[in-house]
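coordinates only, sequence not included:
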């Protein structure tokens, strides 16, 4: 007769170890999936914000110069453009658009920044954000860029 006392205990311990390793792997997959979902959400928000500014520029062709000469971070709210008003000029509306766009950018995207530039009649909107949340927007973070002509 062969003694096998404790053999089932070793089997149970090995089964628990295999199960624990499998669950750790699943937790890692879940964390990666969550990180990728947040990144995809941020990219779709950046796309929406870029198209929003492009539409604002198209709607205010008279204020084109202001969109490319005033930095979005230095634009100020124009109180005469907050309601239907006859005193809101095209330049005021452009500056107000940049102010609202920059406010949306900084509240929607982590570390969100954006610029608009023009070269040879082609307007380029670039949006950067801190996707990896390391505290700085750098080359390891993605950006979104769109171009359009008027």
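That came through, no problem. Since the structure is predicted, the reported quantities are computational estimates derived from the model, not experimental observations.

residues touching the residue sitting nearest the centre point of the chain, list them.
The residue lying closest to the centre of the chain (Cα atoms, centre = their mean) is residue 42, at 3.5 Å. Contacts of residue 42 were listed using Cβ atoms under 8 Å, 6 or more residues apart in numbering, and they are 109, 110, 129, 131. Any C-beta I mention is one placed from the backbone N, CA and C, and that applies to glycine too.

Need the three-state assignment for it.
helix (DSSP: H, G, I helix; E, B strand; the rest coil).

all strands for the protein, in order.
113-119, 122-128, 143-149 (DSSP state E).

what pairs with the second one, and is each one parallel or antiparallel?
The reference is to strand 122-128. Strand 122-128 pairs in its sheet with strand 113-119 (antiparallel), strand 143-149 (antiparallel), by DSSP bridges.

Which residues in it does the neighbour count mark as buried?
For strand 122-128, the neighbour count (16 or more other Cβ atoms under 10 Å) marks 123, 125, 126, 127, 128 as buried.

what does the first one give?
Counting neighbours by 16+ other Cβ under 10 Å, one finds that the buried residues in strand 113-119 are 113, 114, 116, 118.

Quick check: the two most widely separated of the residues you listed?
Pairwise distances across these (Cβ to Cβ) peak at 18.3 Å, for the pair 113 and 118.
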